[in-house]
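1. turn this into a structure:
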Amino acid sequence: MGGVANINDVLDGHVALEIDSVDRLLLNAYVPGLQVPGQVVRFLTGHLGQPIPSPALMGRIGNRFVGAVKAFARERAIPIVRLGTPDRSRWDDRKLDHVRPYLQAAERERRFGVVAIVAGQEFQWVFSARNRSRRPGVACFEFLRERRRVGAYYFYVLDRDFGPAFIKVCTYFPYPARVWVNGHEWAKRQAEHADVDYLALANGFAACPEPAVLQAICDSFGPEHVQAFFDRWIAQIPTPFTPADRAAGYWWQLSMRQVEVSRTLVFDAPRYARAFFEALIADNIGIGRPQEVALVFARQVRTTTREPFGTRIFSTGTDVRIDFRYKHSRVKQYLKDGRALRIETVVNRPNDLGVARRLEHLPALIAKARQVNHRLLIIEQAGQSCAIGSALFERIHLPYHREGQRTGALRFGDTRAMALAGALCHQLHAVAGFTNQTLRALVAAHLGHDDYTPTRMSYDLRRLRLHGLIQRLPRSNTYILTPDGIRVAVFYTKLQNRLLRPLLDADKPPAPTDVRRALKTLERAVNDYVLGARLAPTG
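-> Numbers count the residues shown, from 1 in each chain. Alright, predicted model coming up:
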């Protein structure tokens, strides 16, 4: 048993570099003044000065934009790559994989600018029009939003600050756009500008003699850098909007579509990376339960929550990866290049974490995603080396007076106390807290009956609070576990489920054969002593 890997042992002294950074960032670009039909009519009549808001005007703008893109590519000898529907069964059939040779060539030549344009057809929410007049020869158009397959251009650029990136512009009204950049690539180039040496990891950092300086660079990334990138390149590529449109306020604003925030722990030897995952899988296989995922995201899961939750543990070759899903977001945990642990929170809808979508809220989203990554590692560490000291064990086993109140004991082995511990292990991941109602359902499930009333739950919450295992958040009916509460809950549950129950059942399969043989030998020896002492019952 001395060779069993322990997460805390692996992390202690074997992490050569630890970096928190923004990874991939995908943003929506939208025109706030063109989001509802009335605004479309105002644009076509009030701004363009046309007497009739006809969809032919929108087609004219789109055709002009397509012509401008072709002229732009022809004048600068930029290839236009036309792709069909991607083959989802192939990992190398992404747009970026088809453009990569152009990006690599530009990187070698230190040639910054648009290196390729990808033309494709995609489904987008756009405006269409229909004539609601029933009189022949009379046009009265109404506009409605619908999801249609329309043309789009991806302008892939090699940027001096961001490296590979793209801006996608749709060819149909109201010309939605998207922006893709990579925070790790930005940090690498800022490190080069600051003469900070580093060894690159695939989409990250493998080593750096000045980790504090490197972390400060990663911390400095903010919405102003993304906005500057967009402003820089949108002024150089063709757009469907004219300078007059922009002066009138018809221009794109950025909002967050997908944000990836990562925490990378590079180990000083690859074997420690493997040992970490071996210990992780052995001890945290059940982290996908909704209550446990809720801790990771610091959002409370209620019985009315309908979003999907889940956990996947799968293997690509020999590399293990764990995926946690919560609503529209997820956390990925996997080995990077066989030597680093990557924890990555992917937020596909910022309001999953209580953050607005606008780009200006990126720092708040980064902070919350970093807390997710940090919290996940704390959770995983809490499940190991959780044995409690004798003083704490004795304290919760005895009733005593505190705050002028007498509290009941929480004795190990008591059915209700063990059900509480098991429920708290579920709620260990609900850092946002739990209430009488949410915890009661879990305790009742552990007890196996439905007569566990709110009154009994209130009594048990009082016991837990007076023993210092939970604390109540100010001005709320929500509780969170204390450090002692985490250790007691995990210790009680693991001691019962992973030690005592297997030992009590060690005389029959699936217990190991050598353990069963040893128990038979011990049983015979004890019986011999009983017979020798003439204590055996008479036949």
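2. for Arg246, see how far away Glu37 is.
-> For the record, residue 37 is Pro, not Glu. Distance, Pro37 to Arg246, by CB to CB, to the nearest Å: 22 Å. (Each C-beta comes from the backbone N, C-alpha and C, glycine too.)
3. correct me, but Ile470 touches Arg462?
-> No: counting by CB atoms under 8 Å, Ile470 sits too far from Arg462 to count as a contact (9.8 Å).
4. which one of those two has more residues nearby?
-> Set side by side, Ile470 and Arg462 show more neighbours around Ile470, with 24 against 14, by other CB atoms under 10 Å.
5. distance check, Gln39 against Pro512.
-> Distance of Gln39 to Pro512, computed by CB to CB: 72 Å.
6. looking at those two, which is more packed in?
-> Gln39 (19 against 10).
7. per-residue confidence for Gln405?
-> Gln405 is assigned 68 on the pLDDT scale.
8. pLDDT below threshold where in the stretch 351-500 of the chain?
-> For the stretch 351-500 of the chain, applying pLDDT under 70 flags the ranges 379, 382-390, 400-405, 426-433, 497-500.
9. now do the strands in it.
-> 400-402, 405-407, 470-472, 479-481 (DSSP state E, counting those that start in this stretch).
10. could you work out the end-to-end span of stretch 165-174 for me?
-> Length of stretch 165-174, first residue to last, CA to CA, to the nearest Å: 23 Å.
11. neighbours around the closest residue to His47 other than its chain neighbours, how many?
-> Of all residues beyond its chain neighbours, the one nearest His47 is Ala248 (5.5 Å), with distances taken as CB to CB, 6 or more residues apart in numbering. By the criterion of other CB under 10 Å, Ala248 has 15 neighbours.
12. ok, now Ala116?
-> 24.
13. wait, what's in contact with it?
-> Residues counted as contacts of Ala116 (CB atoms under 8 Å, 6 or more residues apart in numbering) are 78-81, 99, 102-103, 156.
14. so which of the residues you listed are in strands?
-> Among the contacts of Ala116, the members falling in strands (DSSP state E) are 80-81, 156.
15. what is the lowest-pLDDT residue among those?
-> Per-residue pLDDT puts Val81 lowest of those, at 91.
16. thought that residue was touching His98?
-> Yes: with contact defined as CB under 8 Å, Val81 and His98 form a contacting pair (5.9 Å).
17. overlap in contacts, the two.
-> Val118.
18. now the residue lying closest to Cys140 once chain neighbours are set aside, what's its secondary structure?
-> Nearest non-adjacent residue to Cys140, counting by CB to CB, 6+ apart: Ser133, 4.0 Å away. With DSSP: H, G, I helix; E, B strand; the rest coil as the basis, Ser133 sits in coil.
19. Ser133 and Phe143: what is the separation?
-> Taken as CB to CB, the span from Ser133 to Phe143 is 14 Å.
20. of those two, who's got more company?
-> Per other CB under 10 Å, whichever of Ser133 and Phe143 has more neighbours is Phe143, with 19 against 12.
21. if we ignore the residues flanking it in sequence, what's nearest that one?
-> Spatial nearest neighbour of Phe143, excluding adjacent residues (CB to CB, 6+ apart): Pro37 at 4.1 Å.
22. which residues touch that neighbour?
-> 127, 142-145.
23. can you pull out the low-pLDDT segments for the stretch 51-200 of the chain?
-> 85-93.
24. could you redo the last one with a cut-off of 90?
-> Counting by pLDDT under 90, the stretch 51-200 of the chain contains low-confidence residues at 51-56, 82-98, 120, 128-144.
25. tell me which stretches of it form strands.
-> Using DSSP E, counting those that start in this stretch, strands in the stretch 51-200 of the chain cover 80-82, 113-131, 141-159, 163-170, 177-182, 199-201.
26. okay if I get the ones you listed as a markdown table plus distance to Ala369?
-> A markdown table is the format used below for the strands of the stretch 51-200 of the chain (distance: least, CB to CB, whole Å):
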| stretch | distance to Ala369 |
| --- | --- |
| strand 80-82 | 33 |
| strand 113-131 | 27 |
| strand 141-159 | 24 |
| strand 163-170 | 21 |
| strand 177-182 | 16 |
| strand 199-201 | 20 |
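27. and of those strands, who's closest to Pro211?
-> Evaluated over the strands of the stretch 51-200 of the chain, closeness to Pro211 peaks at strand 199-201, with 11.9 Å, by CB to CB.
28. surely Gly163 touches Arg189?
-> Yes: between Gly163 and Arg189 there is a contact under CB under 8 Å: 6.3 Å.
29. how many other residues sit next to Val464?
-> Quick fix: residue 464 is Leu, not Val. 26.
30. do Leu201 as well
-> 19.
31. from Thr521, how far off is it?
-> Counting by CB to CB, the gap from Leu201 to Thr521 is 54 Å.
32. got it, and Gly49?
-> Distance from Gly49 to Thr521, by CB to CB: 100 Å.
33. tell me the one of the ones in strands among the contacts of Ala116 nearest Arg24?
-> Among those, and counting by CB to CB, the member closest to Arg24 is Tyr156, at 14.7 Å.
34. hey, where'd the strands end up in the stretch 201-350 of the chain?
-> 204-207, 253-267, 309-316, 319-326, 329-336, 340-347.
35. ok, and what's touching the shortest one?
-> Among residues not part of strand 204-207, those counted as contacts by CB under 8 Å, 6+ apart are 16-17, 19, 21, 184, 187-188, 198-200, 214, 262, 264, 266, 336-337, 339-340, 342.
36. so what strands line up beside that strand?
-> strand 199-201 (antiparallel) (DSSP bridges).
37. can you check the fifth one too?
-> Take DSSP bridges as the rule and strand 329-336 pairs in its sheet with strand 319-326 (antiparallel), strand 340-347 (antiparallel).
38. I would like the residues contacting the last one, please.
-> It refers to strand 340-347. 23, 201, 204, 206, 256, 258-267, 273, 276-277, 329-336, 353, 365, 369-370, 372-373, 376-377.
39. and if you look at stretch 95-110?
-> Residues outside stretch 95-110 that contact it (CB under 8 Å, 6+ apart): 79, 81, 83, 86, 111-113, 115-116, 118, 120, 154, 156, 158, 163-164.
40. just give me the closest of those residues to His449.
-> Set against His449, the nearest of the contacts of stretch 95-110 by CB to CB is Pro86 (52.5 Å).
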